[in-house]
Structure formats: C-alpha cells, structure tokens
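In: Sequence and predicted structure, then a few things I'm wondering about:
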Amino acid sequence: MNRPAWSHTRAVWTMVLVTLLWSTAGVVSRQLTAAQGFEVTFWRSFFTALSLLVILPLWQGAGVWARMPWRRGAFWLSGACWATMFTAFMVALTLTSVARVLVTLALGPLLTALLARVVTGHRLPGRTWAAIAVAGVGMAWMFGGQMGGAAGGWLGSVVALGVPLAAAINWSVTQRSQAHGEPIDLVPAVLLGAVISSAVTLPLAWPFSATARDLGWLGFLGLTQLAIPCVLAVLCARVLAAAEVSLLALLEVVFGIALAWALAGETPQREVLAGGSLVIGALVVNEWLGWRAAQRAASRTADSDVAPLGPA
C-alpha cells in the first residue's frame, strides 16, 4: 500500500528541522579537542557513509544496491561534487569563522543560476542579475574586511567557495540528467560522495589524534548533521517547489551563526554581518519574487483552463 504524500505544512516544518540539523556543524566542530584539519573531514565523511549504509536499505529496501547506477558518469560526477562539498566545508571551518563559511555557502542558489545560464542557455530574469550584483557587493565587503587580518580568514572563505561551486555543478548535472529522462537518486550519490571524501582524506588525516569524545561529536555530525537531514531534504523536495527549498535552506545560515554565537562564543565580525546581510537579503528577495511570479503564472494557467459558463 502506498503511503500518503506529505502535506505542504509538514514538508515546510521538516525542511526547517533539516536546516537546524545542517547548522550544527560549526558549533560542534568547536567542541573538538584533538582532531584537526583533514582528520575532522575524514571522520565526518566516514560516519556519514556508515550511517547511509544502514539508512538506505531500511528506507529503499535491500535492492537499493542493485539499482545504483554505477556505470553512469553523471552519478560519479555528482558523488565527486558531494565529496568536494564535504571536504571544503570542514577544512574551511578550521581556517575561519562559522559566520564567514555559512555566508559564503549562501551563494549557492545564485551560482547555480549563473551556471545554468552558461551550460543550458537558460535566460536569467532581471531580478536574479540584480541579486547577483548585490550579493557580489556583499561578498566583496566581507573579503575586503578580511584582507587586513590573518591570512586564514580570507583563505577559509576561498576554500568555502568550493562548496557552493560544487553544489551548483551538482544541481546542473542533476537537472540535465532529469531532462534526458535519467534522473539521479541524490541520496545514493551522497553516499558515494562520503566514500570518496573518506578515501581522499584518509592519507592526509593519518596518524589519527581524535579522542573518544571527538569521535562521539564527529559521529553525531555524520549521522544527524548529514545522513538524516539529507534523506529528509529529498523527501521535502518532492513536495516543495524549488524556490521554497532554496529560501528555507537559507535558515541554515541564520541558525548556524546564532548557535556558534550562543554556544561557542564566536561573535561575528561587523564586516561579516554587513556583507552577509546583503547576500542573504538579495537571496531572499530574489527567491520570494521568483515564487510570486510562479504563483501568478500558475493562477493564470488555472483561470484559462476554466470554461466560461453559458446557457445550457
């Protein structure tokens, strides 16, 4: 018997929970006492892969392994993108503040729109070009404020840029595969990315220095900050429009900065708050206007499909 589809309200609140879980990476990474650098990335990716090896068969049945498209290049490219995101994110957190990393990650929707313009020729509306310009000013403000400080600040932001860039490529690959009738199942691709990230960072992480307490925190990240929310996000994306998912995903930035501020004592600097406000504001306005335009178009289509009443 098929399970009933989620309601819109349930999907929205689940997506809020997803962003809250995603946002815990920064504050949890500040609790580590011995594990540093690539070892942090290795263990988080390892525990993510381990968690998905259990979750996938429980969720999609034992046949999930036979259905994985091992021979498709798009599947491997998507996995490589996830591996890049996993690795760059945690390395960036070791180099700069949580706030800088999260604001940099928020560029994902705009970079995706730009890449779609280049790869597929999809024309961008004026509102998106305006949002890209405003977000660029915000990022320049952030980077300009970091140039006079320690090298790790701007270097961490540069490394963090790898996350939205890889996400934009990943989304474009997924859209192209769907357009050609060969959709990629994102959750197995996440597993592949976690395995690749673990394999690549293992030599760089050795010898291990993580304490048992560190491993507990990193296991928490693998299970509850990546594996579980990734599965929930896929379920939400089946109900919510793409613009709604993008808009709700911005809550990760708000939650992440707030958690690091409240629980780790990491107060964001003024240029991060100012530049980040421009980035987030541009994204929110762009996604909201896009959602409104889609709603108006759907309403016009529905009205045109209704035949006028006449004499019987």
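Out: That came in fine, so what should we check first? Numbering: from 1, shown residues only.

In: Please name the residues that touch Ala210.
Out: Leu32, Ala34, Ala35, Glu39, Trp43, Leu218 (Cβ atoms under 8 Å, 6 or more residues apart in numbering). To be clear about C-beta, it is placed using only N, CA and C from the backbone, and glycine gets the same treatment.

In: remind me which residues of the stretch 1-150 of the chain are low pLDDT?
Out: Within the stretch 1-150 of the chain, the segments meeting pLDDT under 70 span 1-5, 116-117, 119-122, 124, 139, 142-150.

In: mind redoing it with 50?
Out: 1, 148 (pLDDT under 50).

In: go on, the stretch 201-312 of the chain?
Out: For the stretch 201-312 of the chain, the ranges with pLDDT under 50 are 307-312.

In: For Ala189, see how far away the residue lying closest to Ile169 once chain neighbours are set aside is.
Out: Leaving aside its chain neighbours, Ile169 sits nearest to Cys81 (5.3 Å; criterion: Cβ to Cβ, 6 or more residues apart in numbering). The spacing between Cys81 and Ala189, counted by Cβ to Cβ, to the nearest Å, is 8 Å.

In: which neighbours do those two share?
Out: Asn170.

In: thinking again about what came up before, identify the residues contacting the residue nearest to Ile169.
Out: The contact partners of Cys81, by Cβ under 8 Å, 6+ apart, come to Ala166, Ala167, Ile169, Asn170, Val173, Gly193.

In: among these, who's most crowded?
Out: Gly193 (29 neighbours; other Cβ atoms under 10 Å).

In: I'd say that one and Gly79 touch.
Out: Yes - between Gly193 and Gly79 a contact is recorded at 4.7 Å, counting by Cβ atoms under 8 Å.

In: Which strand or helix spans the residue nearest to Ile169?
Out: helix 73-95 (DSSP states H and E).

In: Tell me the first helix or strand C-terminal of that helix.
Out: Taking DSSP H and E, what comes next after helix 73-95 is helix 98-105.

In: list the buried ones in that following helix?
Out: Val98, Ala99, Arg100, Val101, Leu102, Val103, Thr104, Leu105 (16 or more other Cβ atoms under 10 Å).

In: Closest to Val231 out of these?
Out: Checking the buried residues of helix 98-105 against Val231 with Cβ to Cβ, the nearest one is Leu105 at 20.2 Å.

In: Identify the residues contacting that closest one.
Out: So Leu105 contacts Phe89, Ala160, Val163, Pro164, Glu252, Val253 (Cβ under 8 Å, 6+ apart).

In: Give me the buried entries from these.
Out: Neighbour-count burial (16+ other Cβ under 10 Å) applied to the contacts of Leu105 gives Phe89, Ala160, Val163, Pro164, Glu252, Val253.

In: With respect to Phe208, which of the contacts of Ala210 is nearest?
Out: Looking across these and measuring by Cβ to Cβ, the closest to Phe208 is Glu39, at 6.0 Å.

In: related to what we said a few turns ago, select from the contacts of Leu105 every entry located in helices.
Out: Phe89, Ala160, Val163, Pro164, Glu252, Val253 (DSSP state H).

In: Turn those residues into CSV, including distance to Leu278.
Out: Converted to CSV, the ones in helices among the contacts of Leu105 look like this (distance: Cβ to Cβ, whole Å):
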residue, distance to Leu278
Phe89, 22
Ala160, 17
Val163, 19
Pro164, 16
Glu252, 18
Val253, 13
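
In: quick one: the host helix or strand of Trp171 to helix 98-105, angle?
Out: Using DSSP H and E, Trp171 sits within helix 162-179. Interaxial angle, helix 162-179 versus helix 98-105 (axes from the mean of the first three to the mean of the last three Cα atoms, to 10 degrees): 30 degrees.

In: on that earlier part again, let me have the contacts of Ala210 in CSV, adding distance to Leu232, secondary structure and neighbour count as columns.
Out: Shown next, in CSV, are these (distance: Cβ to Cβ, whole Å; DSSP: H, G, I helix; E, B strand; the rest coil; neighbours: other Cβ atoms under 10 Å):
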residue, distance to Leu232, secondary structure, neighbour count
Leu32, 25, coil, 20
Ala34, 31, coil, 12
Ala35, 27, coil, 24
Glu39, 28, helix, 24
Trp43, 22, helix, 25
Leu218, 21, helix, 28
